[in-house]
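Undergrad: coords please:
(4 chains)
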Number of protein chains: 2
Amino acid sequence: MSQEYSSSLDAERARVLQISAKLFREKGFDKTSVRQIAEACEILPGSLHYRYKSKDEILVDMMRVAIDRTIRRTIAASASMADPVLRIRAALKAHMEVLLSGDDMVYVLLFEWRALSGEARKEIMRERDRYERHWDAMLDALQIQGMIRKDINTKTLRLIGLGAINWMATWYRPDGGQSLDEICDTLWSIISRGILEHVGR
Amino acid sequence: MSQEYSSSLDAERARVLQISAKLFREKGFDKTSVRQIAEACEILPGSLHYRYKSKDEILVDMMRVAIDRTIRRTIAASASMADPVLRIRAALKAHMEVLLSGDDMVYVLLFEWRALSGEARKEIMRERDRYERHWDAMLDALQIQGMIRKDINTKTLRLIGLGAINWMATWYRPDGGQSLDEICDTLWSIISRGILEHVGR
DNA sequence: GTCTATACTCTGATAGAC
DNA sequence: GTCTATCAGAGTATAGAC
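TA: Just a heads-up that it's a prediction; the model follows:
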């Protein structure tokens, strides 16, 4: 029955992760104490130590989950489309949704990477690179097919597009004036067609 | 001679601000101790206390300077252009330059606002709103003149455009492959004309 | 104005009884 | 596995001599 025990520990660790993510997002990693985490989990600090040996370990594990989730959902969304242009639009929307639909872990992944220590930071960086290579491959393919203008640097395009979305996490509120879909439409409209009425400047 | 004394105190405070900004950017506000600030300034903690009574006061003052600097340079850049479209391009470039040309204070302003306490946070938020209203006015005027497509929400456009730039601070390196000018050109090309070869989807 | 020295609080982590 | 109790260290801020 060791399987049973270890899976219930996994479930407990997942619960700690989710509750910690909410705290890290609201207060920041440094300003959240392990006592506060334990309290929010309704256990005592000593018991928390059984799930995670250190506060850093919580953060690293959380980021691993977050980046895996982001990659999985974005790839799944883009793979579901046959048309290459619609595919990239679907990937953009998936990136937006995984970040803005209340997933605190992805938010923490984006904004707390400075809190990571040496080796852990390298690991998370490698995972992030893996995600970015996926985007570059998608964009390069489109450019080779002649669907993206040749004078656009695809790496810069990726950094600008994802950057615009990542920054949304700092201002987007679910109860705000615009819905996720509307924002996504505007973003896509700007990226794909631009904003000016008269082209040619 | 009280004027003399107070202006040399101001100069000392400015020096503390600049050195602190470098530390806050590199290590983060929470991970920087007042002892480290004092050491970097080559004074002792007790002497630092004469310049600034608390660590929070350093951060708030720094953000006031940063936001003022950003507003000033962006407005100056846009005012120097007669053509309304070139004006907005100049403002974009100014925002990029003030953020990416080694001004640590502006970086701290963008990424450490969570460290602010209640009343101070409200004050900085008000200043930030003032900056954003300046952008909205510029964009709305362009749309009314018929130069920006009517179906673009200008507030969302502002959030997306400035967001893309703000996020650059997380990846841009002066010694990287692309120069500031090249990145600015790509950004402007995307925003103004879009990326697709065949329009109409 | 600057220094030394320290007060006080909070932190992350853990030992050991149950 | 969970609890109580506590350790060692770091944090900010300041008092008081000079």
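Undergrad: residues contacting the residue nearest the centre of chain A?
TA: In chain A, the centroid-proximal residue (C-alpha atoms, centre = their mean) is residue A:106; its distance is 3.9 Å. The contact partners of residue A:106, by C-beta atoms under 8 Å, 6 or more residues apart in numbering or on different chains, come to A:66, A:69-70, A:98-99. C-betas here are computed from N, CA, C, even on glycine.
Undergrad: in strands only, show me the residues you listed.
TA: Per DSSP state E, strands hold no members of those.
Undergrad: just the element for the residue nearest to the centre of chain A, please.
TA: Element membership of residue A:106 [criterion: DSSP states H and E] is helix A:104-111.
Undergrad: now do that helix: distance to the chain's middle.
TA: 6 Å (C-alpha atoms, centre = their mean, to the nearest Å).
Undergrad: in it, which residues are buried?
TA: A:104-111 (16 or more other C-beta atoms under 10 Å in any protein chain shown).
Undergrad: and stretch A:62-82, by the same measure?
TA: Result for stretch A:62-82 [16+ other C-beta under 10 Å]: buried residues A:62-67, A:70-71, A:73-74, A:77-78.
Undergrad: do stretch A:30-44 as well
TA: A:30, A:32, A:37-38, A:41, A:43.
Undergrad: give me the contacts around that stretch.
TA: A:15-16, A:19-20, A:22-24, A:45, A:47-48, A:55, A:58, A:115, B:28, B:30-31, B:115.
Undergrad: make it 6 Å
TA: Residues outside stretch A:30-44 that contact it (C-beta atoms under 6 Å, 6 or more residues apart in numbering or on different chains): A:16, A:19-20, A:23-24, A:45, A:48, A:55, B:30.
Undergrad: ok, which of those residues also contact DNA strand C?
TA: Contacts with DNA strand C within those, counted by C-beta under 7 Å from any atom of the strand: A:45, A:55.
Undergrad: quick one, which of the contacts of stretch A:30-44 are buried?
TA: Using 16+ other C-beta under 10 Å, the buried ones in the contacts of stretch A:30-44 are A:16, A:19-20, A:23-24, A:48, A:55, B:30.
Undergrad: mind checking how far whichever strand or helix holds residue A:19 is from the chain centre?
TA: Counting by DSSP H and E, the element that carries residue A:19 is helix A:2-27. Centroid separation for helix A:2-27 versus its chain: 18 Å, with C-alpha atoms, centre = their mean.
Undergrad: now do the buried residues in that helix.
TA: Neighbour count says helix A:2-27 has A:12-13, A:16-17, A:19-25 buried, by 16+ other C-beta under 10 Å.
Undergrad: likewise stretch A:86-94?
TA: Counting neighbours by 16+ other C-beta under 10 Å, stretch A:86-94 gives A:87-94 as buried.
Undergrad: tell me the domain ranges of chain A?
TA: A:1-53, A:56-193 (automatic domain parsing).
Undergrad: and the closest residue to residue A:12 other than its chain neighbours, how far from residue A:186?
TA: Counting by C-beta to C-beta, 6 or more residues apart in numbering or on different chains, residue A:51 is the residue found nearest to residue A:12 once chain neighbours are left out, at 5.5 Å. From residue A:51 across to residue A:186, the span is 42 Å (C-beta to C-beta, to the nearest Å).
Undergrad: contacting residues for residue A:108?
TA: Contacts of residue A:108 (C-beta under 6 Å, 6+ apart): A:21, A:24-25.
Undergrad: quick one: end-to-end distance for stretch A:46-62.
TA: Chord length of stretch A:46-62, first to last residue, is 20 Å (C-alpha to C-alpha, to the nearest Å).
Undergrad: wait, does it contact DNA strand D?
TA: Yes: on the criterion C-beta under 7 Å from any atom of the strand, stretch A:46-62 is in touch with DNA strand D at A:46-47, A:49-50.
Undergrad: got the contact list for that stretch?
TA: A:12-13, A:16-17, A:20-21, A:34, A:38, A:105, A:120.
Undergrad: same check, this time on stretch A:12-27
TA: A:32, A:37, A:40-41, A:51, A:58, A:62, A:104-105, A:107-108.
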